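Colleague: how does the following fold in three dimensions:
(one chain, ligands or ions: 1)
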Amino acid sequence: MLTFPLSNPYPAYASIREEHPVFHVQPEDMWIISRYEDVKAASKDFNRFTVEKRMELMSPPWLSKKCQHDLFVISQNPSSAKHGQYRALVNTSAFMARSLSKLRPFMEEIAESLIATFVDKQEVEFIEHFAYPYVNAVFARVTGLDDAIDSENVRKYTQAMELLYYEKPEDHIVEYIEDTYLRQQLFYTSIITDRRIKPQSDIVSELIKAEIDGEALSDAMIRSALDILFRGGYQNPVHVIGNGLLQLAKDPTLLSSVLRQPEKIPAFVDELLRLYSPAPISLRHTTQPVTLHGITIPAEAPVLLLLAAANRDPRRYTNPDSFEFNRKPKDYLTFGNGPNICIGMALTRIQTQVAFECLLSHISNISCLSADELEWVDSPFVHGVTKLPANLQYHN
Ligand code: HEM
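Modeller: As a prediction, the model looks like this:
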């Protein structure tokens, strides 16, 4: 069965990558590809590895039909005429590095205001009091939805979506997931209705104005476009920031290097993203039998691209498991690769840089529970903690 130790899946990833570069997972009948060159090639080889059937894996059979819809942006191969048009709907200039750089002062202001709420306390629940509200405020500003987002509902929803692993959870969890799902859909519907009457300068109003082949988008398409942004834009960056604090807590030498050279925080963030992919797996299906390393994956088989294992492939990186502050990795696969690379890459990098620049201008020491004492999101498709109590010391 597809399970990895949640707090430290990396030794298990390594043994798959080294011993079974094409691994057949039973009884799910899925395949895992995990070496860097194989994952990189497969992630942009849409002739042999399609994304068109990935909703089958993202909408598990136990989820009722009213809670399933197609995230059309991510289930189109870039070779299809539609992908470019769909991607352009969500890949607006707001997500480009140049626009995001202009938001740095806003990000700093949010980070500083959150730090001010705990700077006189030693203990802080870091996800609750920093990572989540920070990511929420930045996402709301980037999408222009500052006044519309109910951060608690979105938090429940985006956390619930992380549990969409195909194995059925207990009934009360299924009920909870479906309830938050329907609430979020109501939120999309009400904001679309509102912006149709009173357009504003935000992403919903943009989507209402957008056309594909001369036709306006239906409400269902607008909801789907919004949903891919919310699902990608919240928990992933929250986990990156949480994983970063944990790394600094467990590695005092790294912490003192970063404190001494804050100008290298961008390099710290890239190495963090290489080592700890918050979304370790990307989904594909074969379109034809594919033979790799002497093993044939049949046609139409689900294939998991194990990005997090590829990022630690010793064929690509020397000392792949160690956090090397000066490594400056540029080609890690955390955000995918090729024409459907993540549109939130610049946002995640910049907001994480600003978060650590601000945090480390106040914090001089960090201690946290060890990784295996913490509670991790219970899914092989996520690597991040649900809570992160931290003990902080500050500069005098
Ligand atoms: C650390 C943070 C993030 C990670 C690790 C991540 C991961 C990924 C990956 C691996 C893909 C490509 C999947 C594939 O191989 O097909 C992807 C696509 C995508 N991501 Fe992210 N993501 C992150 C943040 C975000 C954010 C902040 C947003 C938006 C606010 C976002 C929106 C999207 C969208 C719309 C796509 C689909 C692109 C396309 O198919 O053309 N992601 N993401």
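
Colleague: which element is the closest residue to Phe95 other than its chain neighbours on?
Modeller: Closest residue to Phe95 apart from its sequence neighbours, by Cβ to Cβ, 6 or more residues apart in numbering: Ile343 at 5.2 Å. C-beta coordinates here come from the backbone N, C-alpha and C atoms, glycine included. Using DSSP states H and E, Ile343 sits within no helix or strand.

Colleague: from Glu375, how far off is whatever residue of the stretch 201-350 of the chain ends up closest to the ligand?
Modeller: Residue of the stretch 201-350 of the chain nearest the ligand, by Cβ to the nearest ligand atom: Gly344 (2.0 Å). Distance from Gly344 to Glu375, counting by Cβ to Cβ, to the nearest Å: 25 Å.

Colleague: next: Pro266.
Modeller: 30 Å.

Colleague: which one of those two is surrounded by more residues?
Modeller: Using other Cβ atoms under 10 Å as the criterion, Pro266 and Glu375 rank with Pro266 on top: 15 against 12.

Colleague: quick one: contacts for the more buried one?
Modeller: By Cβ atoms under 8 Å, 6 or more residues apart in numbering, the contact set of Pro266 is Arg349, Gln353.

Colleague: can you rerun that using 6 Å?
Modeller: Contacts for Pro266 (Cβ atoms under 6 Å, 6 or more residues apart in numbering) come out as Gln353.

Colleague: element containing it?
Modeller: Applying DSSP H and E, one finds Pro266 within helix 265-275.

Colleague: what ranges in the chain fall below the confidence cut-off?
Modeller: 1 (pLDDT under 70).

Colleague: the helix or strand where Tyr157 lies: how far from the chain's middle?
Modeller: Using DSSP H and E, Tyr157 maps to helix 151-161. Centroid separation for helix 151-161 versus its chain: 14 Å, with Cα atoms, centre = their mean, to the nearest Å.

Colleague: can you name the next helix or strand after that helix?
Modeller: Toward the C-terminus, helix 151-161 is succeeded by helix 171-197 as the next helix or strand (DSSP H and E).

Colleague: following that following helix, which helix or strand comes up?
Modeller: Next in sequence after helix 171-197, counting helices and strands by DSSP H and E, comes helix 203-209.

Colleague: now for that following helix, which elements pack on it?
Modeller: With contacts taken as 3 or more Cβ pairs under 6 Å, 6 or more residues apart in numbering; DSSP states H and E, helix 203-209 sits against helix 171-197.

Colleague: report the angle between the helix it packs on and helix 151-161.
Modeller: Between the axes of helix 171-197 and helix 151-161, defined by axes from the mean of the first three to the mean of the last three Cα atoms, to 10 degrees, the angle is 130 degrees.

Colleague: how about helix 171-197: buried residues?
Modeller: For helix 171-197, the neighbour count (16 or more other Cβ atoms under 10 Å) marks 174, 176-178, 180-181, 184-185, 187-188, 191-192, 195 as buried.

Colleague: relative to Glu162, which of these is nearest.
Modeller: Using Cβ to Cβ, Ile177 comes nearest to Glu162 of these, at 9.8 Å.

Colleague: helix or strand: which one has Leu283?
Modeller: Judged by DSSP H and E, Leu283 forms part of strand 281-286.

Colleague: what comes into contact with that strand?
Modeller: Here strand 281-286 makes contact (Cβ under 6 Å, 6+ apart) with 49-50, 53-54, 57, 297, 299-307, 336, 381.

Colleague: buried among those? Make that a ChimeraX selection.
Modeller: To isolate the buried ones among the contacts of strand 281-286 in ChimeraX, judged by 16+ other Cβ under 10 Å, type:
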select :49,50,54,57,297,301,302,303,304,305,306,307,336,381
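
Colleague: which of the contacts of strand 281-286 come close to the ligand?
Modeller: Gly336 (Cβ under 6 Å from any ligand atom).

Colleague: for Phe139, what are its contacts?
Modeller: Neighbour list for Phe139: Gly233 [criterion: Cβ under 6 Å, 6+ apart].

Colleague: that one - that's part of a helix, no?
Modeller: Yes - the assignment for Phe139 by DSSP: H, G, I helix; E, B strand; the rest coil puts it in a helix.
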